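Undergrad: Provide a 3D model corresponding to the input given below.
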Amino acid sequence: MFLNFCRTYENLKLCFFYVNILITMGEKLFFKTSKGYKLCGILSEPISSQKNFIVVLCHGFTTDKNSTSNIMLEKILNENKISTFRFDFFGHGESEGKLSEITISIAVNDISSAIEFLKKLGYSKIGLIGSSFGGFASILTASKSNDLYILALKSPVSDLYELFILQGGKQLIKKWEEDKYIDYIARDGSNFRLNYSLLEEAKNLNAYQVAFKIKVPTLIVHGDHDESVPIYHSEKLASLIKKCELKIIEGADHGYSNPEHFEKMLSLISDFIIKNS
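TA: The predicted structure is shown next:
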């Protein structure tokens, strides 16, 4: 019926319009983690996509699946017939949970559960893109997963405990240990509590400890003017991952606020995924 409708010229123009919508429109799906939490994700399958191939997009701390980076990477990959799945971590966006209760292990479990969910949908070739804190969780996931074929990291955190010290000093750590929580101010100015469980895990776990276990081709993109995650995090991390490329964007901050830096970051990550698809 749809093909018959498209046979006239005027209807053909409408068909192109609707096909473009179909290419870019994602399907909202909910899935449960192995810990029992319900998470929300957007599955975007372009027409004529490789049906067994998908890339999971993991956002940063206090953002969500609808971050500008995720939306733009989804668009570029979909235009190249690559399916994507962007989801909200526990306590973020439309997913269940209180942000104050987020931990590293919960975030890793979220990604692992997303991978299992996609495998049940028939995907066997799964890539992973992680940003900042989502990059940290992606590194840890990739170090123990046999389901991934490629990993791309955007300004990833490698040592969360060190970041807390850099941001708040040892006084912050002491207060967090004593009170069992801290009041955290996000990049957007919002304020909320973080439980001690996050700091407790961060003390004993960093990306450097497990980087050697990552066997898949890996790309790290980082700005050398990153005010949140020092560039040396990625320099050290890249030296520990066997098949790793490090691309440094000169002058770029953590949010790639300069449009040229943002476009360069998108290009590096998407080209890497497309080349290895």
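Undergrad: residues in contact with Phe89?
TA: Residues near Phe89 by C-beta atoms under 8 Å, 6 or more residues apart in numbering: Leu39, Cys58, His59, Ser95, Ile102, Ile106, Ala107, Asp110, Gly134, Ala137. Yep, even glycine has a C-beta here, placed from its N, CA and C like the rest.
Undergrad: just those residues: which are in strands?
TA: Taking DSSP state E as the definition of strands, the contacts of Phe89 contribute Leu39, Cys58.
Undergrad: in helices, which of the contacts of Phe89 appear?
TA: With helices taken from DSSP state H, the overlap with the contacts of Phe89 comprises Ile106, Ala107, Asp110, Gly134, Ala137.
Undergrad: which two in the residues you listed are spaced the farthest apart?
TA: Farthest pair in those (C-beta to C-beta) is Ile106 and Gly134. Separation: 12.5 Å.
Undergrad: can you name the residues that contact the closest residue in space to Asn66 that isn't next to it in sequence?
TA: Closest residue to Asn66 apart from its sequence neighbours, by C-beta to C-beta, 6 or more residues apart in numbering: Gly93 at 7.1 Å. Residues in contact with Gly93 (C-beta under 8 Å, 6+ apart) are Cys40, Asp64, Lys65, Asn66.
Undergrad: please apply the same query to Leu148.
TA: Taking C-beta under 8 Å, 6+ apart as the criterion, Leu148 is in contact with Ile115, Ile126, Gly127, Leu128, Thr141, Ala142, Val216.
Undergrad: just put these in CSV and tack on distance to Phe87, neighbour count and pLDDT.
TA: Putting those into CSV (distance: C-beta to C-beta, whole Å; neighbours: other C-beta atoms under 10 Å; pLDDT from 0 to 100) gives the following:
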residue, distance to Phe87, neighbour count, pLDDT
Ile115, 11, 20, 98
Ile126, 13, 20, 97
Gly127, 14, 23, 98
Leu128, 12, 29, 98
Thr141, 13, 26, 98
Ala142, 17, 25, 98
Val216, 20, 18, 97
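Undergrad: narrow the residues you listed to those in helices?
TA: Among those, the residues falling in helices (DSSP H) are Ile115, Thr141, Ala142.
Undergrad: now those residues as a markdown table including distance to Phe272?
TA: Output for the ones in helices among the contacts of Leu148, formatted as a markdown table (distance: C-beta to C-beta, whole Å):
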| residue | distance to Phe272 |
| --- | --- |
| Ile115 | 19 |
| Thr141 | 18 |
| Ala142 | 15 |
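Undergrad: packing partners of whatever helix or strand Arg193 lives in?
TA: Using DSSP states H and E, Arg193 maps to strand 191-195. With contacts defined as 3 or more C-beta pairs under 8 Å, 6 or more residues apart in numbering; DSSP states H and E, strand 191-195 has these neighbours: strand 181-185.
Undergrad: which elements pack onto the strand it packs on?
TA: helix 160-179, strand 191-195.
Undergrad: turn the ones you listed into CSV, including distance to Glu79.
TA: As requested, these are exported to CSV (distance: least, C-beta to C-beta, whole Å):
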stretch, distance to Glu79
helix 160-179, 34
strand 191-195, 36
